[in-house]
Each structure stands twice: as C-alpha cells, then as structure tokens.
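Trainee: here is my input, please return the structure:
(one chain, ligands or ions: 1)
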Amino acid sequence: ASTGTVAATPETGDVEYLAPINIGGQTMVMDFDSGSSDLWVFNTQLAAASQTGHTNFDPSKSTTFKLMQGASFSISYGDGSGAAGNVGTDTVNIGGATVTSQAIELATAVSSSFVQDTQSNGLVGLAYSKLNTVKPTAQKTFFDNAKSSLAEPVFTADLRHNAVGAYTFGAIDSTKFNGSLSWAAVNTTNGFWQFSSTKFQVGTGAAMTVAGGQAIADTGTTLMLANAAVVNAYYSQVTGAVNNQTVGGVTFPCNAQLPDLQVDVGGNYMAVVRGDDINFAPVDNAGTTCFGGLQAISSDLQIYGDIMFKSQFVAFNGGNNTIGMAPH
Ligand SMILES: CC[C@H](C)[C@H](NC(=O)[C@H](C)NC(=O)[C@@H](CCSC)NC[C@@H](N)Cc1ccccc1)C(=O)O
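Mentor: Residues are numbered from 1 along each chain as shown. Got it, this is the predicted structure:
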C-alpha cells in the first residue's frame with residue numbers, strides 16, 4: 001500500500017496552488033483541482049504560440065505512452081475557460097503514489113487564460129470520475145485509479161497563505177492541523193465534493209441560515225463564492241465595503257478590520273475562515289483599495305475555494321464519500 005506527498009506551492013497572490021507530477025518520466029507542474037475530473041496537459045501537439053512559456057509534455061519521448069485511439073475530450077469551466085484535445089495513457093507518479101495506466105488528456109486547444117498562466121501546465125482533476133469529459137468512454141481520475149493501492153482511500157489538501165503546503169495521497173498527517181477532523185457526508189450526485197452548508201456566522205454575530213445551502217470544496221477556485229445573503233451580511237460589518245462593478249466584486253479599504261466568517265460543513269461543524277484571508281489583494285497600485293476573497297455567486301451551489309483552504313486542512317475520503325476539515 002502506498003502514499004504520495006507533493007509540495008503545493010502558491011502562485012504569487014495565492015491565485016493557484018501548483019504541484020509537480022511525473023508523467024512517463026517527464027515532470028509537469030500542475031494545478032490540482034478538486035472541482036473537476038480531467039487530467040489534461042500542455043503538450044507538443046499545441047500550436048507553438050500556445051506552448052510558449054509552458055512545459056509541454058512530449059508523448060514521443062515517453063516509452064510508456066499509448067494513444068487511446070478515437071478518444072477525445074472537451075471541458076468547460078465555470079469561469080468560461082476550457083480545453084479540448086485527444087487522449088492517451090501513461091504512468092503517472094505523484095510523490096510516490098503511482099498509477100500505471102492513467103488517462104492523459106493532450107490539449108490541442110486551450111483558452112487564453114491558461115496560455116497566459118505560464119506557471120501551470122495543466123490540471124489534475126480530483127472530483128468524481130463521473131464528471132470526466134473523455135468520449136466515447138469516460139476515464140477515471142488519478143485518485144480513483146490510485147485508491148485501491150493507497151494505504152487509505154483518501155487525499156488531503158494542506159494549502160497555505162503565501163507559503164508552501166502539500167497534497168498527500170493515501171494518508172492523513174495529523175501534525176498538519178489543530179485538534180481532530182470533523183467529517184461531513186458528501187453528496188456525489190453532481191460529481192463534486194459537495195456538502196450541505198446552511199448556517200453561517202459573521203464574526204461574533206448571530207447565526208444565520210441559507211435555506212438548502214450546498215457547497216463544493218474546490219481547490220482549483222481562488223476565492224470563496226457564497227450566497228448573496230452571506231456576502232451581504234459579511235460586508236455589512238466592513239466599513240467602506242462597496243460592490244465595485246468596475247473591478248467585478250466587493251472591495252474595501254485595505255486597512256479594514258475583517259471579521260472571521262464561519263460556515264457550516266455538513267450540519268455539525270462550523271469552519272472558521274480567517275478574516276485576514278478574506279483580504280485577497282489590492283486593486284490599486286497605492287494599495288489603498290482591496291478586493292474581497294469572499295464574493296457572491298448566483299447559483300445555488302456555493303464554491304468554497306482556496307480562501308477557505310487557507311484556514312481549513314481538508315481530507316477527501318473516497319472510501320466512504322465524506323469530507324473532513326480542521327483548522328490549520
Ligand atoms: C460552465 C461549465 C460548468 C461550470 C460545468 N463545468 C464544471 O463544473 C467544471 C468541471 N468545474 C468547474 O468549472 C469548477 C467548479 C464549478 S461549480 C459548478 N471547478 C473547476 C475549476 N476550478 C477549474 C479551473 C481551474 C483553474 C482556472 C480555471 C478553471 C460544465 O461543464 O457544465
């Protein structure tokens with residue numbers, strides 16, 4: 001039974017968290033994404049302009065790569081970005097955890113936001129395999145393929161503000177969080193690591209409810225996108241907070257006092273998101289106006305991204321479909 005651990009390194013400003021994987025002998029620095037289920041890479045089939053600045057996987061240099069005849073993929077993401085291309089299989093090793101025949105999706109087209117993000121050379125999808133976009137036959141995620149050979153059927157995300165953390169497969173390192181993990185049931189219907197999140201509390205204020213609230217844990221989303229009721233209640237406690245359409249969300253004075261936000265996870269655990277982490281980044285050169293890490297989303301499905309992960313160590317249990325959290 002194996003385990004694997006890789007460093008999770010934040011891009012400047014904690015925009016994304018990147019980690020190295022080995023595909024057929026080639027190291028690729030990738031964006032680990034618990035909000036999708038395709039492993040796709042920048043590669044030598046892409047137009048030269050798209051390859052520029054990236055590490056490009058070269059299937060012809062891998063002795064273990066096999067093309068998957070007739071297979072293709074095409075994926076779209078909530079921010080409007082996407083990728084598409086063909087598919088093969090190869091040996092993937094992530095920090096010591098190995099899968100010998102992992103579907104590797106070779107992009108032949110990627111949207112500009114991915115081309116511009118030269119530190120990321122593709123995504124490692126870690127949501128449920130039912131979301132995988134390969135046709136005619138959907139493929140399994142690395143975690144799904146690795147699960148049976150891992151010491152425990154789990155992977156964990158230990159993401160830090162402006163510091164190196166870790167992704168671990170097959171073990172839970174209890175030295176990386178305070179106290180014990182609180183576990184919640186995952187609703188796998190939509191293919192996400194989805195749980196009920198119906199209560200919230202701003203600072204020491206009254207507990208409030210989001211009727212029927214649901215959320216997903218998405219390591220590939222930078223911010224925390226919550227119900228408007230949560231966002232309005234939160235920023236009503238922040239002097240100078242305004243909904244700034246030009247920058248596309250709520251901003252506030254960078255020296256504002258930001259309360260902690262508590263959100264319930266599965267009905268029996270209130271996850272504390274540190275107020276400091278909700279000060280995401282300045283929007284002006286003088287650093288006087290800052291952009292909120294908590295923003296509103298109109299869909300019923302809230303997306304708890306890296307802003308939450310910076311306060312919470314998260315364990316994803318594929319054995320019993322539960323999600324564990326503890327402060328770190
Ligand atoms: C518009 C597309 C919708 C959202 C839907 N797609 C999804 O839900 C996909 C699997 N997941 C995503 O679009 C989002 C979760 C949306 S919750 C509905 N997670 C993956 C995202 N963090 C990947 C990413 C990483 C870095 C830069 C940009 C994007 C679909 O295909 O129908």
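Trainee: find the centremost residue of the chain, please.
Mentor: Thr219 (1.6 Å; C-alpha atoms, centre = their mean).
Trainee: surely that residue is in contact with Tyr17?
Mentor: Yes: with the criterion set as C-beta atoms under 8 Å, Thr219 and Tyr17 qualify as a contacting pair; they are 6.5 Å apart. The way it works is simple: take the backbone N, C-alpha and C, and place the C-beta from them, glycine included.
Trainee: need the residues touching each of these two.
Mentor: Between them, Thr219 and Tyr17 share these contacting residues under C-beta atoms under 8 Å, 6 or more residues apart in numbering: Phe32, Leu159, Asp306.
Trainee: quick check: beta-bridge partners of the first one?
Mentor: According to DSSP bridges, the residues that bridge with Phe32 are Val124.
Trainee: how far away is it from Thr246?
Mentor: Counting by C-beta to C-beta, to the nearest Å, the gap between Phe32 and Thr246 amounts to 32 Å.
Trainee: which parts of the stretch 151-300 of the chain sit against the ligand?
Mentor: Residues of the stretch 151-300 of the chain lying near the ligand by C-beta under 6 Å from any ligand atom: Ile216, Asp218, Gly220, Thr221.
Trainee: what about 8 Å?
Mentor: Contact residues, the stretch 151-300 of the chain versus the ligand (C-beta under 8 Å from any ligand atom): Asn190, Gly191, Phe192, Ile216, Asp218, Thr219, Gly220, Thr221, Ser299.
Trainee: drop anything exposed from those residues.
Mentor: Using 16 or more other C-beta atoms under 10 Å as the burial test, these include Gly191, Phe192, Ile216, Asp218, Thr219, Gly220, Thr221 as buried.
Trainee: name the SS class of the last one, please.
Mentor: The three-state label given to Thr221 by DSSP: H, G, I helix; E, B strand; the rest coil is coil.
Trainee: quickly list what Thr27 is bridged to.
Mentor: Going by DSSP bridges, Thr27 is paired in beta bridges with Asn22.
Trainee: so it versus Asp79, what's the distance?
Mentor: As defined by C-beta to C-beta, Thr27 lies at a distance of 27 Å from Asp79.
Trainee: and for Ala157?
Mentor: Between Ala157 and Asp79 the computed distance is 20 Å (C-beta to C-beta).
Trainee: go on, Ser113?
Mentor: Ser113 sits 7 Å away from Asp79, taking C-beta to C-beta as the criterion.
Trainee: residue boundaries of the helices in this protein?
Mentor: Taking DSSP state H, the helices of the chain run over residues 48-51, 112-116, 142-146, 228-235, 306-309.
Trainee: Gly88: which of those helices is closest?
Mentor: helix 142-146 (14.5 Å; C-beta to C-beta).
Trainee: elements contacting the closest one?
Mentor: Other elements packing on helix 142-146 under the criterion 3 or more C-beta pairs under 8 Å, 6 or more residues apart in numbering; DSSP states H and E are strand 82-94, strand 97-110.
Trainee: can you mark which positions in stretch 147-158 are buried?
Mentor: Within stretch 147-158, the residues scored as buried using 16+ other C-beta under 10 Å are Lys147, Leu150, Glu152, Pro153, Val154, Phe155, Thr156, Ala157, Asp158.
Trainee: looking at Phe32 and Thr246, which is more packed in?
Mentor: For the pair Phe32 and Thr246, the greater number of neighbours falls to Phe32 (24 against 6), based on other C-beta atoms under 10 Å.
Trainee: let me see the contact set for that one.
Mentor: In this structure, Phe32 makes contact with Ala8, Tyr17, Leu18, Ala19, Leu123, Val124, Leu126, Ala157, Tyr167, Thr219, Gly220, judged by C-beta under 8 Å, 6+ apart.
Trainee: mind running it again at 6 Å?
Mentor: Under the criterion of C-beta atoms under 6 Å, 6 or more residues apart in numbering, the contact list for Phe32 reads Ala19, Val124, Tyr167, Thr219.
Trainee: compare the residues you listed and tell me which is most surrounded.
Mentor: The most neighbours, when the contacts of Phe32 are compared by other C-beta under 10 Å, belong to Val124, which has 28 neighbours.
Trainee: that one against Val29, yeah?
Mentor: No: under the criterion of C-beta atoms under 6 Å, Val124 is not in contact with Val29, lying 10.6 Å apart.
Trainee: Thr289: how many residues sit nearby?
Mentor: Neighbours of Thr289 under the rule other C-beta under 10 Å: 17.
Trainee: relative to the ligand, how far out is it?
Mentor: When C-beta to the nearest ligand atom, to the nearest Å is the yardstick, Thr289 and the ligand sit 25 Å from each other.
Trainee: doesn't Phe280 make contact with that residue?
Mentor: No: counting by C-beta under 6 Å, Thr289 stays clear of Phe280, with 11.7 Å between them.
Trainee: ends of stretch 309-326, what's the gap?
Mentor: Distance between the two ends of stretch 309-326: 10 Å, counting by C-alpha to C-alpha, to the nearest Å.
Trainee: anything in it near the ligand?
Mentor: No: between stretch 309-326 and the ligand, judged by C-beta under 8 Å from any ligand atom, nothing touches; the nearest distance is 12.2 Å.
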